[in-house]
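# Mind looking at a prediction? Sequence and model below.
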Amino acid sequence: MKPRSGGFTLLELMVTLSLLGIIAGAAMPLSQRFALRAKEAELRDNLREIRNALDAYKRATDEGKIEKKLGGSGYPANLQILVAGVPDRSTPDGKPLQFLRRIPRDPFFPDPAAAPEATWAQRAYASPADAPQAGEDVYDVMSLNQGTGLNGVPYREW
């Protein structure tokens, strides 16, 4: 019997490549699901952050710290006000009250060059909940993504 050389046979290489292909095929959907879960977690956190800032602005308006327009809802006219700040009427120096350091982006928005405030659908205070529309203030924000989350709820309803 002739001694075998140190290489692999073609059959051994084909079996190895087949097994690697099967493993990679099984791992790909899992990695996509993990990426989707991460985006959904980021969306949930960003919505919470903006909504908490909107509530804090409304609370400050109700407490008289922010000047309220006659007949106004007490919510900011746009999201940028939450970052820029408004004068605090309760302090002598009128130091601005800021509610956000920056406006978080919707992680599902397809254009990364868009301004963060443009990545959200906005609902005005006067708008009904079942047919949200933008208006003269920002009462709530929602994702513009038409997809459905892993929990079965459309992103627009989060």
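Arrived safely.

# surely N46 meets R102?
No: shown here, N46 and R102 do not form a contact pair, counting by C-beta atoms under 8 Å, at 10.8 Å. C-beta coordinates here come from the backbone N, C-alpha and C atoms, glycine included.

# Looking at those two, which has the bigger crowd around it?
Ranked by neighbour count (other C-beta atoms under 10 Å), N46 and R102 place N46 first, with 20 against 9.

# Please, which helix or strand holds the more buried one?
helix 10-62 (DSSP states H and E).

# Can you pull the phi/psi pair for G94?
phi 60, psi 30 (degrees, to the nearest 10).

# Use 495 as the first number for this chain going forward.
Yes, from this point I'll number from 495; that puts the last item at G588.

# still on that earlier bit, next helix or strand past the helix holding N540?
Note on helix 504-556: by DSSP H and E, the next helix or strand toward the C-terminus is helix 574-578.

# Which neighbouring elements make contact with that next one?
helix 504-556 (3 or more C-beta pairs under 8 Å, 6 or more residues apart in numbering; DSSP states H and E).

# Show the average pLDDT along the helix it packs on.
Averaging pLDDT along helix 504-556 gives 91.

# any idea how far it is from the chain center?
Centroid displacement of helix 504-556 relative to its chain, using C-alpha atoms, centre = their mean, to the nearest Å, is 13 Å.

# and what of stretch 554-574?
24 Å.

# buried sites along it?
Within stretch 554-574, the residues scored as buried using 16 or more other C-beta atoms under 10 Å are 554-555, 559-560, 567-570, 573.

# farthest pair in the residues you listed?
The distance between the two most remote of these (C-beta to C-beta) is 19.1 Å, for K559 and L573.

# Which residues are in contact with F502?
T510 (C-beta atoms under 8 Å, 6 or more residues apart in numbering).

# quick one: which of the buried residues of stretch 554-574 is nearest E534?
L573 (21.4 Å).

# mind checking the SS state of the closest residue to that closest one other than its chain neighbours?
When the adjacent residues along the chain are set aside, L573 lies closest to E611, with 4.3 Å between them (C-beta to C-beta, 6 or more residues apart in numbering). Following DSSP: H, G, I helix; E, B strand; the rest coil, the label given to E611 is helix.

# Tell me how many other residues crowd E611.
18.

# wait, doesn't it sit right on R599?
No: applying C-beta under 8 Å, one finds E611 not in contact with R599, separated by 9.1 Å.

# Spit out the residues that contact the two alike.
What both E611 and R599 touch, as defined by C-beta under 8 Å, 6+ apart, is an empty set.
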